[in-house]
Structures are given as C-alpha cells and as structure tokens.
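# I would like to see how this sequence folds:
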Amino acid sequence: MSDLEKIIKFRDSYIKNTQIISDYNDAVFTISNYDNWKKNLVERSNIIRNIFKENEENIASIKEIINSGLNDETANELYKTICTFNKENVHDSSIMIEIINDLILYFENDSTKYLTNLLGLYLIGGLEEMEFYLRMDSNTNLFSPKEKFLKVLSFKNKYDQIKNIESRRIFFLAYYNLIGPLPDLIDNYRSDSIYYYKEAIEFYNSDIVQKIDKDNEKIKQEIDFLNDVIVTGAPYYINAKNDLKKQYFNLIGDISKSEYINSSQLELINIVKDYTFNNITAIDALDKLNNIFMDYSKGKLLYDGTDENLNLFCNCYDILNIMISILMKKDLNDKIKFKYLNPTFNIIIDYIYSVPNKDFTSYFDDVSADIFKLALPFLRLENQKEEMLTKLILRRQPITYIHSIMVEKISIRIALSILSVNKKIFEDINKLGYDSDFKILKYISKAALYHDLGKCLTLGVINLQNRKLTDVEFSYIKLHPEKSLALINGDDSFKEYFDVMLGHHKYYDGKKGYPVDFDNVNSKYKSVIDLISIADSIDAATDILGRNYAVGKSFDALLKELIKEKGTRYNPYIVNIIENDESLKKDLSQITSDKRFNVYYDVYMQIVNKK
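Numbers count the residues shown, from 1 in each chain. Now for the predicted structure:
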C-alpha cells in the first residue's frame, strides 16, 4: 500500500469509526428495552476494541510516513485529512496537533507557495491546542494557541494574494479567538481583547481588505461576530482595574455609535456601564438585568438544537455572569443574592440538563463546570450543592459516573465485611466522628461518588477509549485528583472528601502513585483512601464495557494482583479480608461481571429520564 493510500485509509476509517462509536453511544440513550439495550452495549464494547486496534495501526502508519520524511504529495494529503477532520467534527486533538505541527514545519519551508495551507493549519492547530491544553487547565504549552493565531495575522500583508474567501476569513477567525475564547480561558489575556478588537476593525477598514471584500457578506458576518464577542465580555470588566474599565467602556461607546451593535446589546451594555461608574445602584442594575433575563427566557428555556435557541441561551448565560459579578459585592446580603440568583440559576441549569448527551459538547462541559463553581458560594445547604453537582457534572459524564457508582458498590460491600470482621481498620475515621456503621457507610458512599470528579474536566476523547492514550494525555489524567479540588473550588462542604479525591491513586506505603506531594500515609482518612483505592482498581481492571481493554480481567485474576501487591500498593488488612471472605469474593465477582450490566442500565436510564 502506498503512503497516499495509507493516509486516505487513516482518514476514511477514522471518520467512519468516529461515527460508529457515536451511533452506539446514542443507542444506549435511546433503547429502553433491557435485553436490546444489553445487546447493544456488548456490541459496542466489542466494536470499540476492534476500532481501538484499527486506529492504533492507522496512527502508527501515519507516524511512520511523517518520520520517514514528508513530500508534497503526502503533506498535501495529510493537510486535506486535517481539514476534513475539522469539517466532520472529528476532534481527536492530541493526534491532530501532532500531525499539524509536523505539517507546519514542512510548509513553512516555502510559506509563499503554501500560504493557504499554513493559514488553515495555524487556525485549526490553535483551536485544537486551545481545546486540548487550555480546557485541561494545563500549564504546559499555555501560549501555543495564541502564537498560532498570531502566526495567521503575520500574513495580513498578503491578504490580497489569497483568492479563496474561506482562507481570507481565517484572519478574522484568528482575531475572534484572540478577543473572546482565549481571554475566557486565560484571565491574563483579557486586556488584550481591546487591543486586538481595535486592530481587527482597523484591518477590516484598510484598503487591502476593502478593495476585495467591501461588500462580502461572509466577511461582514465575521465583523458582527467580533462585535458580539467584545460586547459579551462586559462581565469581565465590571471589577477590572480602573484604566482597563475606562478603555473598555470608551470602546463600547464608540461601537454603540456605529452599525456594529444591536439594541439588545446596547441596552445590556448601558446597564453594566451605569452600574460600573455608579450611575445606578446594584439593586437597580440587578432589577433591570433580571427583567431582560426573564424576557429572553420567558421564564423557561429548553434546548431544541437550533442555533437561535443556543444563542438565546448564551445571551441568558452572559446576563447571569453579569449578575454574579455584581452580587459578589460583600455588602449585598444572602436574601438579595437568593432573590436574583435562584430563578436564573434554575433556568440555566434546566437548560443544560435538557441538552441530550449526543449534543453535549465541550462548550456545555465548560459551562456546566463554570456554573457549578459560580453557584457554590451562593448555596448554603449541602443537599443543594450535592444535587447541583449530580445534575451538572456527574450525570453529564456517563462513563465517569458509572465508574463512581461501581466504586461505591464495591467499597460498600467490602466495608460491610470489614465492619463484621475487623472494625479497627476504620479506627482513624471513628475519631473524626464516623462512630457508627451507618455514618461510616454513608461517608464511604459519598467519598466513592466524588473520588473522580476531576475526570469530568478532562477531554471527551480520553473517555472514548478508541485508541491508546498519548503520553501527554496520560500525564493530564494524572492531574485529575487536583482537578477534583479545583472543581469543588475549595468549598468546605466537601472538605471531608478532599483527601480521598487526592489520595486514591497513592500506594498504601506512600512511595509511589500520584499526586507525588500528597501525604496519604499520614492522612486522617487513610483507611477510606485505601479502601477506595482498592475498589477503584477492582472496577477499572474488570470493566470492558466502558474501557478499551482487549480482555478484561476476572475478579479472581485481579485478586491475585491485590494479594501480590498488598503491603506496598494495597492495604494488607483490607486485602486479607477480601482474600479470606468467600461470600465477599463471590459478591465482588458478580458485581464486576453480570451485575455490572444492571449498574450501566440504571445509570443510563437515570440520565435519559432526568431522574
């Protein structure tokens, strides 16, 4: 098979496999009959493992082609592949970034000849890196997306040499990302928004653009988007430094005199401006914002899949952000906060919850996490926080949620045996007030449900299991304990679970595992950390329904590994109880095999029925 044929095979099979997985994933949310649903789940498991193998082979062939040296034919075919992936919404960021960076190095050898290729690669590469590095809150490659967008702008003087309108649009798409999405992800870039907005408008009005695209509707639309994104950035400037606030609102004043802003945007901006410069009180601003919010939503806002509907939600979300920025003032009491936030939060949450899983994009993932973190300071009751956490985060990530439920069931079953054989194992948490079987089991149950919250902030591709994780992806997975605390935002209501979130991947003896700097050995919750660690390993190693293992281990096979590593990786006292309790071994074997289907089915039906 020629190199070109290998690239085409890689492209076609990757797109096909992505669609196949999507169809099977959709089916688990639409088939209600248990037998048919179970059949689909087993087929899905087998299909994913076959796809995993095929994808790995195709990725290896692409790497071999790149490593042996690209030529014009292979480079152009790979460029076509990247563009096709982008068009078909195949966003396997880690793989795409690697290919894009190799292509950029090749095409930069003759930037004049390959200008349109480079523009496309810089833009797509920046978008994928923004998705991959920044949404993962990574400190590595933090500036790479911005550098790629700036690379696009470095070719502005060649605008009139580009015949393809789609390629010319790339300049304004780069500006869009520098003005809106990047500052949304990195606060330090917020002040750059004003600069790049002014530069974008100046470029649009320049002779080189006007001569070609003065009346081009596609370019005009891009300018509309630039105005939308600068206007919706208003919440970020309410509590900004005075100089930055003045710059922003002076800019908005100029925009409001032009054709680039609609009446709804102008009304919203004027409220924010009047409040920011003390022309109206916080209460007046909140009343006006609340009226606009309720008018937009009509008191109810449900997802229907249309662009118009999504734009309406985005407008409501922007208003909520502005209201929160105002409500963060310390001189406003809780009664006022609840008056304005409860109705708006409920409408926003109901909307997010109404989005089907097949349409639940990374945007909704981000919004869900942001809403949860924003809401925490305004919620006083623990059950409110738990309900919001479940609705916004856990159930929106089925694989992670199912794993958490499984770890809960396994942990509780083991804990019951511990309580009947050797209660001293839980002596440490007895001292913390968990001094009855009921309190111990309740704590373990919640600790299990919350232990992997950080994985809900990882990329969807990591949960898809359709290929081997890259080294970079695995390094990000290892950050999920700290990400759990970031999601909880340090809220004291969850403080008793922090050590379990951080420590469940540390070895019993503390010598290996991650996070490296977390001392699990001296934790007050050591026994539960050890228990969750064992339950986590039991579920992960025996699960082939949600993971890509070619052959899942049986519980008996895994038990041998637990016994082998007791005293180092695993708590020896807990392992001994498992090893010597025949009834427990039988139950764990059933939970991790046949009864696993029941857990999967219950969770998917919960999500489908919004329970």
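
# quick one: residue 167 and residue 120 touch, right?
Yes - judged on CB atoms under 8 Å, residue 167 makes contact with residue 120 at a distance of 7.0 Å. (Each C-beta comes from the backbone N, C-alpha and C, glycine too.)

# more crowded one of those two?
For residue 167 versus residue 120, neighbours defined as other CB atoms under 10 Å are more numerous around residue 120 (23 against 17).

# From residue 133, how far out is the more buried one?
To residue 133, residue 120 is 20 Å away according to CB to CB, to the nearest Å.

# Same question for residue 110.
In terms of CB to CB, residue 110 sits 29 Å off from residue 133.

# which of these two has more neighbours?
residue 133 (22 against 11).

# So that one: helix, strand or coil?
When classified by DSSP: H, G, I helix; E, B strand; the rest coil, residue 133 comes out as helix.

# Looking at per-residue confidence, what score does it get?
At residue 133, the pLDDT value in this model is 75.

# Quick check, it in contact with residue 145.
Yes - Residue 133 lies in contact with residue 145 (CB under 8 Å); the separation is 6.9 Å.

# Now do the buried residues in the longest helix that the chain contains.
For the chain, the helix with the greatest residue count under DSSP state H is helix 34-68. Applying a neighbour-count criterion of 16 or more other CB atoms under 10 Å, one finds 37-38, 40-41, 44-45, 47-49, 51-52, 54-55, 58-59, 61-62, 65-66 buried in helix 34-68.

# Phi and psi next, for the residue nearest to residue 431 when sequence neighbours are not counted.
Leaving aside its sequence neighbours, residue 431 sits nearest to residue 524 (CB to CB, 6 or more residues apart in numbering; 7.5 Å). Residue 524 adopts backbone torsions of phi -70, psi -10, taken as degrees, to the nearest 10.

# Also residue 303?
Phi and psi for residue 303, reported as degrees, to the nearest 10, are phi -70, psi 130.

# Can you give me the pLDDT of it?
At residue 303, pLDDT is 90.

# separation between residue 411 and residue 502?
Separation of residue 411 from residue 502 (CB to CB): 17 Å.

# I figured residue 514 hits residue 478, correct?
Yes - Residue 514 is in contact with residue 478 according to CB under 8 Å; the separation is 4.8 Å.

# Looking at the two, which is more packed in?
residue 514 (18 against 14).

# Contact partners for the more buried one?
478, 481, 505, 506 (CB atoms under 8 Å, 6 or more residues apart in numbering).

# Read off the pLDDT value for it.
pLDDT for residue 514: 94.

# Could you do the one 5 residues further on as well?
According to the per-residue confidence, residue 519 scores 96 in pLDDT.

# How many residues are close by residue 168?
Neighbour count for residue 168, taken as other CB under 10 Å: 21.

# I figured it hits residue 159, correct?
Yes - in this structure, residue 168 is within contact of residue 159 by CB under 8 Å, at 6.3 Å.

# Name the residues contacting each of the two.
Both residue 168 and residue 159 are in contact with residue 212, where contact means CB under 8 Å, 6+ apart.

# any idea which helix or strand comes after the helix or strand bottoming out on mean pLDDT in the chain?
Lowest on mean pLDDT, DSSP states H and E among the helices and strands of the chain sits helix 460-464, with a mean of 62. Next along the chain after helix 460-464, taking DSSP states H and E as the criterion, comes helix 471-477.

# Using CSV, write out the CA atom coordinates for that next one.
These are the backbone C-alpha positions of helix 471-477, laid out as CSV (Å, rounded to 0.1, in the frame of the first residue of the first chain):
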residue,chain,number,x,y,z
ASP,A,471,2.0,10.3,27.0
VAL,A,472,0.6,13.9,27.2
GLU,A,473,-3.0,12.7,27.7
PHE,A,474,-1.9,10.2,30.4
SER,A,475,0.0,13.0,32.2
TYR,A,476,-3.2,15.0,32.2
ILE,A,477,-5.2,12.1,33.5
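
# buried stuff in that helix?
Within helix 471-477, the residues scored as buried using 16+ other CB under 10 Å are 472, 473, 476, 477.

# Give me the residue ranges of the stretch 351-500 of the chain where confidence is low.
459-465 (pLDDT under 70).

# Can you list the residue ranges for helices in it?
Using DSSP state H, counting those that start in this stretch, the helices of the stretch 351-500 of the chain run over 362-375, 382-392, 398-421, 427-430, 437-450, 460-464, 471-477, 480-488, 498-503.

# residue contacts, residue 576?
For residue 576, the contact set (CB under 8 Å, 6+ apart) comprises residue 566.

# Tell me how far it lies from residue 558.
Distance from residue 576 to residue 558, counting by CB to CB: 16 Å.
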